[in-house]
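Visitor: Need a 3D model of the sequence below.
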Amino acid sequence: MRKREKVEIMIREAIPADAKDIIAFSKKTGAETPYLAYGAEGLELSEAFEELYLEDLMEKDNNVMLIATINNKQLIGLASVGQRINPNLDMSVKSALRSRRSIGDSESDRSLWKKSRLGQSRAA
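Guide: As a prediction, the model looks like this:
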């Protein structure tokens with residue numbers, strides 16, 4: 001008989017410190033299913049850009065990104081809900097728990113962020 005390990009699944013609001021795990025998670029889920037807007041390349045964002053995006057979300061009252069973790073360490077789920085012209089709910093759920101590889105960071109996306117629609121709404 002196998003002894004079952006106790007795990008705690010936590011759902012909480014994503015914070016900028018989660019950026020690296022969210023990007024790695026998008027690559028994993030993108031490779032596992034054809035039902036997302038991206039493939040194995042994931043979100044194709046730098047960690048710095050994702051951090052800025054999460055900071056922006058935290059300042060808004062009508063948008064939220066939630067993450068699910070095991071033992072507050074391993075990212076296993078992601079849901080993003082926001083007010084748009086057309087109501088939108090995006091979800092990515094990883095079916096199996098596997099190790100993630102780390103990704104690099106590109107500071108050059110800060111200028112891209114400032115030029116983007118999200119960066120402009122923040123300054124307004």
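Visitor: From D56, how far off is the residue lying closest to E55 once chain neighbours are set aside?
Guide: Leaving aside its chain neighbours, E55 sits nearest to P16 (5.4 Å; criterion: CB to CB, 6 or more residues apart in numbering). Yep, even glycine has a C-beta here, placed from its N, CA and C like the rest. Distance of P16 to D56, computed by CB to CB, to the nearest Å: 10 Å.
Visitor: And for E32?
Guide: 28 Å.
Visitor: Repeat that for K20.
Guide: For K20 relative to D56 (CB to CB), the value is 17 Å.
Visitor: what do you get for Y38?
Guide: Using CB to CB, Y38 is found at 20 Å from D56.
Visitor: what ranges do the strands span in the protein?
Guide: 9-13, 63-70, 74-82, 88-93 (DSSP state E).
Visitor: Tell me what the residue nearest to D21 when sequence neighbours are not counted is bridged to.
Guide: Leaving aside its sequence neighbours, D21 sits nearest to L75 (CB to CB, 6+ apart; 4.5 Å). Counting by DSSP bridges, L75 is bridged to T69.
Visitor: The one 4 residues further on too?
Guide: When bridges are called by DSSP bridges, A79 pairs up with L66, M91.
Visitor: correct me, but it touches N63?
Guide: No - checked against CB atoms under 8 Å, the pair A79 and N63 is beyond contact range at 11.8 Å.
Visitor: rewinding a little: tell me which of the strands of the chain lies nearest to K27.
Guide: Of all the strands of the chain, strand 88-93 sits nearest to K27, with 10.7 Å by CB to CB.
Visitor: Please work out the average pLDDT along that closest one.
Guide: On average, the pLDDT along strand 88-93 is 46.
Visitor: Helices of this structure, residue ranges please.
Guide: In the chain, the segments counted as helices under DSSP state H are 19-32, 47-59, 109-115, 117-123.
Visitor: any idea which of these scores lowest on pLDDT?
Guide: Across those, the lowest-scoring stretch is helix 117-123, with a mean of 45.
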